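A.B. asks: Turn this into a structure:
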Amino acid sequence: MFRRMRWPDTEGAPVCPNCSCAVVYTYRCRHVFKCKACHRQFSATSGTLLAYRKLPVRTLLVAFSLFVNAAKGISSLQLSRNLGLHAKTTFVLLHNVNSLAILTPSLKFPSALISLRKIGIEGVIFRVQA
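C.D. replies: Numbering: from 1, shown residues only. Reported below is the predicted structural model:
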C-alpha cells in the first residue's frame, strides 16, 4: 500500500529516488530495493517523514487513525497511553504527522484511512482510556 501511494505513476513499482531509474532489485529478506544504475539502497519510506522509523507500520497506522479521528486533536500523552508507548516517542510522532498535514495540504487523511481500513487494521487491539 505504501508503494502505491509513494509511486502512483508506476502503479506501485519502485523508482530510485536518487537517479529516477525504474530498474531495481528487490531483497527477499527485507523490504528494501537496490537501484541497478546507481547501486543505492532505498525503501518505500525513503525521503519521507517516516524514513527513520523504528515503530512497526501497524502502530503507525493506528496512531494516524487516532490522530485523524480525534475531534479536537490528541495530545502526545493520550496517544502514549492508547498505544502503550513512551511520551517522547508519541511527541515526535505527532510532530511528524502535524508537519506532514501542514506541508502537504492536498493529502486527504480520511480517504487514506479508508483505504487503510480496507487492508485490515481493525484487528489491532489497543487500550482506550475512558
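A.B. asks: For this protein, which segments count as helices?
C.D. replies: Taking DSSP state H, the helices of the chain run over residues 2-6, 57-69, 76-83, 87-103, 109-119.
A.B. asks: ok, residue 53 - contacts?
C.D. replies: When contacts are counted by CB atoms under 8 Å, 6 or more residues apart in numbering, residue 53 is found next to 45, 60. In short, each C-beta sits where N, CA and C put it, glycine included.
A.B. asks: Counting neighbours, what do you get for residue 44?
C.D. replies: 21 (other CB atoms under 10 Å).
A.B. asks: which ones are touching residue 71?
C.D. replies: So residue 71 contacts nothing (CB under 8 Å, 6+ apart).
A.B. asks: looking at the helices of the chain, which is closest to residue 48?
C.D. replies: helix 2-6 (7.6 Å; CB to CB).
A.B. asks: if we can go back for a sec, could you redo the helices of the chain as CSV and give each row mean neighbour count and mean pLDDT?
C.D. replies: As requested, the helices of the chain are exported to CSV (neighbours: other CB atoms under 10 Å; pLDDT from 0 to 100):
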stretch, mean neighbour count, mean pLDDT
helix 2-6, 15, 79
helix 57-69, 17, 83
helix 76-83, 17, 92
helix 87-103, 15, 81
helix 109-119, 12, 44
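A.B. asks: Dump these to CSV, plus distance to residue 13.
C.D. replies: Output for these, formatted as CSV (distance: least, CB to CB, whole Å):
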stretch, distance to residue 13
helix 2-6, 8
helix 57-69, 20
helix 76-83, 33
helix 87-103, 24
helix 109-119, 18
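A.B. asks: looking at it, residue 18 is touching residue 41, isn't it?
C.D. replies: No: contact criterion CB atoms under 8 Å: residue 18 and residue 41 do not qualify, at 10.1 Å.
A.B. asks: which neighbours do those two share?
C.D. replies: With CB under 8 Å, 6+ apart, residue 18 and residue 41 have common neighbours residue 35.
A.B. asks: how about the nearest residue to the residue nearest the centre of the chain, chain neighbours excluded?
C.D. replies: Taking CA atoms, centre = their mean as the criterion, residue 50 is the residue nearest the geometric centre of the chain, at 5.7 Å. Distance criterion CB to CB, 6 or more residues apart in numbering; nearest residue to residue 50, sequence neighbours excluded, is residue 60 at 6.9 Å.
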